[in-house]
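Engineer: Here is a sequence with its predicted model. Questions after.
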Number of protein chains: 2
Amino acid sequence: MNISQAAAATGLSAKTIRYYEQQGVVAPAERSDNGYRTYSSAHIDELKFIKRTRSLGFSLEEGRDLLRLAQDPNRTSAEVKNKALEHIEKITEQIEALDAMRAALLPIVEQCQGDESNECPIIDQLSGRSQ
Amino acid sequence: MNISQAAAATGLSAKTIRYYEQQGVVAPAERSDNGYRTYSSAHIDELKFIKRTRSLGFSLEEGRDLLRLAQDPNRTSAEVKNKALEHIEKITEQIEALDAMRAALLPIVEQCQGDESNECPIIDQLSGRSQ
DNA sequence: CCTTGACCTTCCCCTTGGGGGAAGCTTTAC
DNA sequence: GTAAAGCTTCCCCCAAGGGGAAGGTCAAGG
């Protein structure tokens, strides 16, 4: 299984797969005689695992940690749950920050006529006028 | 007014102020004979303007565009409102993406005992088992 | 007068998660 | 035999600065 086939099998790009290997996130691929990377189904599973962690918003480093836990028979579910809860906390903070921006922006934007005049409460607000 | 005083006046770091100047976001500071940057109240206002756009989640480039509109007497409020609405749209999309992650994560995490056992539905999910 | 500490300057490397593309090899298909 | 496609490594690029080095300047104190 070449890298382009691994890419097709995982939905990742070849570039991304090389990057994950170089970052030590997944086990390095075997090499065939010509130097090409060769992928087993175990590699594919690792790549898919990381893809799922990424889609849930985990960083690559967190994904790597989770993969190690997944492969460690001595892990405890408490360790895993802790990481997940911390991550949920971070997501929640990000949502709150974005909500605050939106809440600050919406009423000002609604006040703006959006016409051909140059008078604009959005600009006034950003300029510190009409505070 | 030196850069550290401008920093104190705006709440930005000196590094950030230099960066904004180098990126062409704000007008370059005057230089005194020793080469030190010198800031007028107009500069301070520009820096504060950009700081407000940043705190509302606008990119530096968007902040620069908004500052140019603010200084352009021929602007229309429609232009400004358009940019603001696009930005709100982006924020909304980000919130939705984060909400989706949280919604996907929460039920799995709740199923996890978080004890000393290695059995863990979070790991199962990430591994594609018990899908 | 001289020194020391606090400024200031530019410069380069670092972060995240890859994308784009060059240079050079190999393999595949016709 | 040759051309296209695939693979390799390598380096530069993005956002928004932070950290810190090397070197010039300025103000205060002994």
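Structural biologist: The structure has been received and is ready for your questions.
Engineer: show me where pLDDT drops low in chain A?
Structural biologist: Within chain A, the segments meeting pLDDT under 70 span A:131.
Engineer: could you redo the last one with a cut-off of 80?
Structural biologist: Counting by pLDDT under 80, chain A shows low-confidence ranges at A:130-131.
Engineer: could you pull out the strands for chain A?
Structural biologist: For chain A, the strands defined by DSSP state E cover A:30-31, A:37-38.
Engineer: mind listing the helices for chain A?
Structural biologist: Ranges of helices within chain A are A:3-10, A:14-22, A:41-55, A:60-71, A:77-111, A:121-126, based on DSSP state H.
Engineer: quick one: the most far-flung residue of chain A relative to its centre from residue A:90, how far?
Structural biologist: When distances to the mean C-alpha position of chain A are computed (Cα atoms, centre = their mean), the maximum falls on residue A:117, with 42.0 Å. For residue A:117, the distance to residue A:90 (Cβ to Cβ, to the nearest Å) stands at 43 Å. Just so you know, the C-beta spots here come from the backbone N, C-alpha and C atoms, and that holds for glycine as well.
Engineer: Let's have the helices of chain A in JSON lines, adding mean neighbour count.
Structural biologist: Shown next, in JSON lines, are the helices of chain A (neighbours: other Cβ atoms under 10 Å in any protein chain shown):
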{"stretch": "helix A:3-10", "mean neighbour count": "16"}
{"stretch": "helix A:14-22", "mean neighbour count": "16"}
{"stretch": "helix A:41-55", "mean neighbour count": "18"}
{"stretch": "helix A:60-71", "mean neighbour count": "18"}
{"stretch": "helix A:77-111", "mean neighbour count": "16"}
{"stretch": "helix A:121-126", "mean neighbour count": "21"}
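Engineer: Good, wrapping up.
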